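Q: Need coordinates for the below:
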Amino acid sequence: MKIALKPTVSATIPVVLVIAGCAHERELEGDRTEEMISLLDTAGRTVVATIAQHLPKPVSGTYIGSGKIEEVKALLSGHDAKEVVLDVQLSPRQQRNLEEELEVRVLDYDELILEIFAGNARTHQAMLAVELAKLEYTRGRLRRMWTHLDRQTVGGNSGSGSGFMTGTGEKQIEMDRRLVKKRIQDLKGKLDEIAARSDRTVQTRKDAFNIALVGYTNAGKSTLMNALTHAGVLAENRLFATLDTRTARLHLEAHKNVVLSDTVGFIRNLPHSLIASFHATLSEVREADLLLHVVDSASPVMEEQMQAVNTVLQTISASDIPMVVVFNKVDRCPSKTVLAAVRRRHKHSVAVSALNGEGLDQLRATIAEVIQNKVKKIKIRYPVTDGALDAHIRARAAIHAEDFDGDNVVMTISGDERLISELTAHPQVVVGGKAQ
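A: Predicted structure coming up:
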């Protein structure tokens, strides 16, 4: 399949897009093409031509076949394109060989995603995380660009005695590898410090019921966050508009201490280096009491996008956290019948439009029900003189009855599993008796 598109007059880089995959993936070709065009637009590129390659297995040296390479050359020349982008992950050797054959820059899927993340990083933490991921990607792709340097003098002129020669010669590429390795170590150290601070921040919210929004990029998580909390989070109709976690209080009538967090969007085949680099951000997901999986119900590949999100959740050990599936953008959903069929497979699901407010009351009620199901009613007894414990209980629990028995407070309360566990283990608290 070959699609020639009219060149667009803009300041963006004109590229040829290669959709490469196995024959059984043909039915997804159109959707993959649309997603790649959107990604490239986000990355400041215009697709001037698209070509597809279907092989039983990739060609070891170039991924695509020699005949397809010749077709790509013709498209490059005919459309004056400056780059070639493939929607797959290339090995360093495949990428290098393609660039030698095509004589233009070749980007694979991972490099494109990394470039988009780099362009959207705004906070210090996000910038460090993206830099680390890019260096991890680049480490295997450093090229022998300095082969003319047979010998490398380090520390000064070897003839003066102030420097030293590196034996048979240290190549520039080897120096670069060491510099990259050192920078990776430095970045990991800095991100570990940030992660530790982030973990402490999450720990300070142990008293709250923590909800994390997860979902495919551009599913509408930030718009939903704003609709539920009026947090003013950046919400744009583009991929990866925000890479940083935002938290805000979610006000529910029966539950006062609920915190909602918006997290980075996911995508199919999210590079593992990015998942590792965004450890601090994703801790919001791992430590959540409830996940709201936001799904773009207007997408023709919503089920594939849902699976991509579930795959990332498994990768970060968050797949066992209770989840409510939120089918967003129902005002734009092309088939209510298909949506209804998908919803039947998800017990706790809600259909909403974060943009116009449809279904938001039902979503709040569903969240409240999940929280209520985690609440238990118990009777406790503790010393009236323990003011800190008394304040902690009053801040965390719903008090149904209160009395005094000598020097002890006797209460009937409702609390979540975490609070009940804390009180059961507390040496000053006696838990028991029939709760009235």
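Q: show me the contacts for the closest residue to D386 other than its chain neighbours.
A: Among residues not flanking D386 along the chain, Q428 sits closest, at 5.5 Å (Cβ to Cβ, 6 or more residues apart in numbering). Where you see a C-beta, it was placed from the backbone N, CA and C, and this is true even at glycine. Contacts for Q428 (Cβ atoms under 8 Å, 6 or more residues apart in numbering) come out as Y382, P383, D386, L389.
Q: for G189, same thing?
A: So G189 contacts nothing (Cβ under 8 Å, 6+ apart).
Q: Going along the chain, name the helices of this protein.
A: Per DSSP state H, the chain carries helices over the ranges 29-42, 66-79, 92-102, 109-120, 124-139, 172-204, 221-229, 272-277, 279-286, 302-315, 336-344, 360-373, 387-396, 417-425.
Q: Span of stretch 18-37 from start to end?
A: 11 Å (Cα to Cα, to the nearest Å).
Q: coming back round to it: columns distance to C22 and mean pLDDT on top of the helices of the chain, output as a markdown table?
A: Output for the helices of the chain, formatted as a markdown table (distance: least, Cβ to Cβ, whole Å; pLDDT from 0 to 100):
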| stretch | distance to C22 | mean pLDDT |
| --- | --- | --- |
| helix 29-42 | 11 | 89 |
| helix 66-79 | 15 | 96 |
| helix 92-102 | 16 | 94 |
| helix 109-120 | 15 | 87 |
| helix 124-139 | 24 | 85 |
| helix 172-204 | 34 | 79 |
| helix 221-229 | 31 | 91 |
| helix 272-277 | 21 | 74 |
| helix 279-286 | 30 | 72 |
| helix 302-315 | 15 | 91 |
| helix 336-344 | 26 | 90 |
| helix 360-373 | 39 | 92 |
| helix 387-396 | 54 | 88 |
| helix 417-425 | 46 | 85 |
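Q: returning to what we had before: N373 versus the residue nearest to D386, what's the distance?
A: Distance, Q428 to N373, by Cβ to Cβ, to the nearest Å: 29 Å.
Q: A49 too?
A: As for A49, its distance to N373 is 54 Å (criterion: Cβ to Cβ).
Q: ok, back up a step: pick out the most distant pair among the contacts of Q428.
A: P383 and L389 (7.9 Å; Cβ to Cβ).
Q: Filter the contacts of Q428 down to the buried ones and hand me the ChimeraX line.
A: The ChimeraX selection below is limited to those of the contacts of Q428 classed as buried (16 or more other Cβ atoms under 10 Å):
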select :382,386,389
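Q: Keep only those of the contacts of Q428 that are in strands.
A: Secondary structure assignment by DSSP state E places Y382, P383 of the contacts of Q428 in strands.
Q: Which single one of the contacts of Q428 is nearest to M323?
A: Nearest to M323 among the contacts of Q428 is L389, at 33.7 Å by Cβ to Cβ.
Q: In contact with that closest one, which residues?
A: Y382, P383, H426, Q428, V429 are the contacts of L389 under Cβ under 8 Å, 6+ apart.
Q: Now the first one. Nearest residue, chain neighbours left out?
A: Spatial nearest neighbour of Y382, chain neighbours left out: V429 (4.7 Å); criterion: Cβ to Cβ, 6+ apart.
Q: what number of residues lie near the one you found?
A: V429 has 18 neighbours, counted by other Cβ atoms under 10 Å.
Q: mind checking how far it is from A398?
A: Applying Cβ to Cβ to V429 and A398 gives a distance of 17 Å.
Q: ok so, going back, which one of the helices of the chain lies nearest to V258?
A: Shortest distance between V258 and these, using Cβ to Cβ, is found for helix 360-373: 7.1 Å.
Q: could you check the angle helix 221-229 makes with that closest one?
A: In terms of direction (axes from the mean of the first three to the mean of the last three Cα atoms, to 10 degrees), helix 360-373 departs from helix 221-229 by 80 degrees.
Q: please renumber so the chain begins at 461
A: OK, 461 is where the count begins now, so the last one is helix 820-833.
Q: Sort out which residues of helix 820-833 are buried, please.
A: L820, L823, R824, T826, I827, V830, I831.
Q: Now do stretch 541-557: everything it contacts.
A: Here stretch 541-557 makes contact (Cβ under 8 Å, 6+ apart) with 473-481, 492, 496, 500, 505, 508-509, 518, 520-524, 532, 535-536, 558, 562, 564-570, 572, 600-601, 603, 729.
Q: Now, those that are in strands?
A: Reading strands off the contacts of stretch 541-557 with DSSP E, I get 473-481, 505, 508-509, 565-567.
Q: Could you pick out the buried ones from those?
A: For the ones in strands among the contacts of stretch 541-557, a neighbour count by 16+ other Cβ under 10 Å gives the buried set as 473-481, 505, 508-509, 566-567.
Q: least trustworthy position among those, going by pLDDT?
A: Among these, G481 carries the lowest pLDDT, at 76.
Q: which ones are touching that one?
A: Counting by Cβ under 8 Å, 6+ apart, G481 has contacts L488, E489, R492, A512, Q513, H514, D547, V548.
Q: Including distance to V755 and neighbour count, could those go into CSV?
A: Output for the contacts of G481, formatted as CSV (distance: Cβ to Cβ, whole Å; neighbours: other Cβ atoms under 10 Å):
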residue, distance to V755, neighbour count
L488, 18, 16
E489, 22, 16
R492, 18, 20
A512, 27, 19
Q513, 31, 21
H514, 29, 15
D547, 22, 22
V548, 25, 18
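Q: any idea which of the residues you listed is closest to E764?
A: For E764, the nearest member of those is L488. The distance, counting by Cβ to Cβ, is 7.1 Å.
Q: does that closest one really touch E764, like I thought?
A: Yes: assessed by Cβ atoms under 8 Å, L488 is found in contact with E764 at 7.1 Å.
Q: Return the residues in contact with G525.
A: Q513, L515, V519.
Q: any idea how far D863 lies from R804?
A: 49 Å.
Q: likewise S733?
A: 37 Å.
Q: This protein - how does it break down into domains?
A: 462-567, 666-832, 835-891 (automatic domain parsing).
Q: Looking at those, which one is packed in the most?
A: Across the domains of the chain, the average number of neighbours (mean count of other Cβ atoms under 10 Å) peaks for domain 666-832, which reaches a mean of 19.
Q: Excluding sequence neighbours, find me the nearest residue to I497.
A: Distance criterion Cβ to Cβ, 6+ apart; nearest residue to I497, sequence neighbours excluded, is V507 at 5.1 Å.
Q: what's across from that neighbour in the sheet?
A: Under DSSP bridges, the beta-bridge partners of V507 are V475.
Q: cool, and E862?
A: Applying DSSP bridges, one finds that E862 bridges with M871.
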